[in-house]
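# quick one, fold the following:
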Amino acid sequence: MTALMIQGASSSAGKSLVTTALARAFRRRGVDVVPFKAQNMSNNARVVEGGEIGTAQYLQALAAGVAPDVRMNPVLVKPEGDNKSQVVVLGRADQRLSALPWRERRGLWPVISDSLNALLGEHQLVLMEGAGSPAEINLRDTDLANMRVAKAAQAAVVLVADIDRGGAFAHLYGTWALLPVAEQALVCGFLLNKFRGDAALLAPAPERLNELTGIATLGVLPWLAHGLPDEDGVAAPQSRNQVPTVAIVCYPTASNLDEFKQLEQVADVRYVTHAREVEGGELVILPGSKHVAADLAWLRESGLAAAVRAHVAADGRLLAICGGLQMLGERLTDCGGVDGDAVGLGLLPLETCFYAEKETRRTATRFLQLPPPWQRLSTLVFDGYEIHHGRSHATGSVSAALPDGLGYVSDHILAVYLHGLFEQPALVEALVAGAPPRSLEAAFDDLADAVEAHIDIPSLLDKAGVT
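Okay, the predicted model is just below:
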């Protein structure tokens, strides 16, 4: 069995991006490679066979040319507040574990180990991603995502540091120094990420780091305009002129924000947290939510509920997705102890009940004939995915936008349960009059080109044991 693990000297070092880039680079060289992250923490998830996994591993699987699988991310933790989170195990939410304090969530390692061993037995190379840093000494007894996994697979480990934020060499040395000797022995190289400028100016730091640790710096990756969503999907997009302005309301537990990344190619996307920021938005979006009742309360407290109402009253377009759809109704009732009761915004005649069992499925459907200003979506195919505890039903007269209770339309309001609308060029063009020119496949190949240019890929494969 062969394995390579990408770990970070800190959070946001670029582990997910590097792993995605290497997955495509290895695949282009004919390597049967598969991604793996033992435990991920994110509210961005995708539906695959068997349930849901983190978006990062979903994209890594696509880059590797393999079908996404729940074993690639056997444990997914979805935050619902500062001290509360939902635990998803092998694609399914585990309510018992979710109710326990963090350090009492036992029994996850066998699931992780079984998933890892299965993938090691089925593929030529398992490309693993760590979480945070392997040297968080306060978390060593509960860390399931870093060196415990590396030791189980006897993986070669590459430590990545974000050089743009400063202190990268200290981060790398400090991380290595805090590891036990047996874990230090697994580290095969350092990688500097997000570099802007002349790499020649880094000398003699890489050489000195090598003297201190015996470990070489394998490459220096430049800052890349990669076009893929960040793990939590909330990085501020670059402002754009002469394109439609789209205001996406970013409540505290907004979920699946990654689905808007391609929209940034053809719109001025703004993630808004203040009422005044809604002004000027040609399209306002209420996205998904991990804790609908709490986010709805925040929407009112922040003044954004009133701003959204004013936008609709002025004939501005409002698109609501999943949790956003539920907020627009009259009432939320928690029938399964998973979210909370609340009074909705009352903009659509709907009621929603939350149940303990979460719906997770891929769904292909087609928009019905829609009135202005949504008419360009009429009859277009919508191939998306559902992730929700709530089920909504109409309490009065409202037109269906999608069949089977998957969407509703009322004048300038369109509400849908499906995620993924902005990942289909034809649907994006129907909404903002422009289709994203750069595909996901092109983004993967651009990333692979970048790592090929700055890292010795054959040497890295050799370190991982791929012959």
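# what is the burial count for A177?
Look at A177: counted by other C-beta atoms under 10 Å, it has 11 neighbours. Quick note: C-beta positions are derived from backbone N, CA and C, even for glycine.
# contact partners for it?
Contact criterion C-beta atoms under 8 Å, 6 or more residues apart in numbering gives no residues in contact with A177.
# starting at the chain centroid, how far to the helix or strand hosting it?
Assigned by DSSP states H and E, A177 belongs to helix 168-178. Relative to the centre of its chain, helix 168-178 is centred 27 Å away, using C-alpha atoms, centre = their mean, to the nearest Å.
# ok, stretch 209-227 next?
25 Å.
# and that stretch, what's buried?
Neighbour-count burial for stretch 209-227, counted by 16 or more other C-beta atoms under 10 Å, picks out L209, T213, I215, T217, L218, G219, V220, L221, L224, H226, G227.
# span of it from start to end?
One end of stretch 209-227 sits 32 Å from the other (C-alpha to C-alpha, to the nearest Å).
# hmm, who's touching it?
Contact with stretch 209-227 is made by 14, 17-18, 158, 163-164, 169, 172-173, 176, 184, 187-196, 199, 202, 206, 261-262, 265, 438, 443, 446-447, 450-451, 454-456, 459-460, as judged by C-beta under 8 Å, 6+ apart.
# let me see the ranges of the helices in the stretch 251-400 of the chain.
Assigned by DSSP state H, counting those that start in this stretch, the helices in the stretch 251-400 of the chain fall at 292-301, 304-313, 323-328.
# most tightly packed of these?
When you average the neighbours per residue for each of the helices of the stretch 251-400 of the chain (mean count of other C-beta atoms under 10 Å), helix 323-328 leads with a mean of 29.
# what's that helix packed up against?
strand 283-286, strand 288-289, helix 292-301, strand 350-366, strand 381-394, strand 413-416 (3 or more C-beta pairs under 8 Å, 6 or more residues apart in numbering; DSSP states H and E).
# turn those into TSV, including mean pLDDT and distance to I6.
Output for these, formatted as TSV (pLDDT from 0 to 100; distance: least, C-beta to C-beta, whole Å):
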stretch	mean pLDDT	distance to I6
strand 283-286	98	33
strand 288-289	97	28
helix 292-301	97	33
strand 350-366	95	27
strand 381-394	96	27
strand 413-416	98	36
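# residue most distant from the centroid, this protein?
E211 (37.6 Å; C-alpha atoms, centre = their mean).
# wasn't that residue part of a helix?
Yes: under DSSP: H, G, I helix; E, B strand; the rest coil, E211 sits within a helix.
# low-confidence stretches in this protein?
Applying pLDDT under 70 to the chain picks out residues 1, 231-236, 238.
# enumerate the positions of stretch 191-209 that are buried.
For stretch 191-209, using 16+ other C-beta under 10 Å, the buried residues are L191, L192, N193, K194, F195, L202, P206, L209.
# from the residues you listed, which two are the most distant?
Greatest spatial distance among these (C-beta to C-beta): K194 and L209, at 17.4 Å.
# what about the helices in the stretch 101-250 of the chain?
All helices of the stretch 101-250 of the chain, identified by DSSP H, counting those that start in this stretch, fall at 109-122, 147-153, 168-178, 181-184, 205-213.
# quick one, which of the ones you listed gets closest to A3.
With C-beta to C-beta as the criterion, A3 lies closest to helix 147-153 of the helices of the stretch 101-250 of the chain, at 3.9 Å.
# now for that closest one, which elements pack on it?
Here helix 147-153 touches strand 3-8, helix 109-122, strand 125-129, helix 181-184, going by 3+ C-beta pairs under 8 Å, 6+ apart.
# what's the closest of these to E136?
In terms of C-beta to C-beta, the element of the helices and strands packed on helix 147-153 nearest to E136 is strand 3-8, at 10.8 Å.
# summarise which helices and strands that closest one is packed against.
Using 3+ C-beta pairs under 8 Å, 6+ apart as the contact test, the elements touching strand 3-8 are helix 15-28, strand 125-129, helix 147-153, strand 156-162.
# with distance to P371 and mean neighbour count added, can I get these in a markdown table?
Converted to a markdown table, the helices and strands packed on strand 3-8 look like this (distance: least, C-beta to C-beta, whole Å; neighbours: other C-beta atoms under 10 Å):
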| stretch | distance to P371 | mean neighbour count |
| --- | --- | --- |
| helix 15-28 | 41 | 26 |
| strand 125-129 | 46 | 28 |
| helix 147-153 | 53 | 20 |
| strand 156-162 | 48 | 26 |
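# can you lay out these as a markdown table showing distance to G281?
Output for these, formatted as a markdown table (distance: least, C-beta to C-beta, whole Å):
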| stretch | distance to G281 |
| --- | --- |
| helix 15-28 | 29 |
| strand 125-129 | 35 |
| helix 147-153 | 43 |
| strand 156-162 | 32 |
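# contacts only, for the residue lying closest to T245 once chain neighbours are set aside.
Once flanking residues are discounted, T245 sits nearest to D268: 4.6 Å by C-beta to C-beta, 6 or more residues apart in numbering. Residues in contact with D268 (C-beta under 8 Å, 6+ apart) are P237, S239, R240, N241, V243, P244, T245, V246.
# so which of the helices of the stretch 101-250 of the chain gets nearest T273?
helix 168-178 (29.9 Å).
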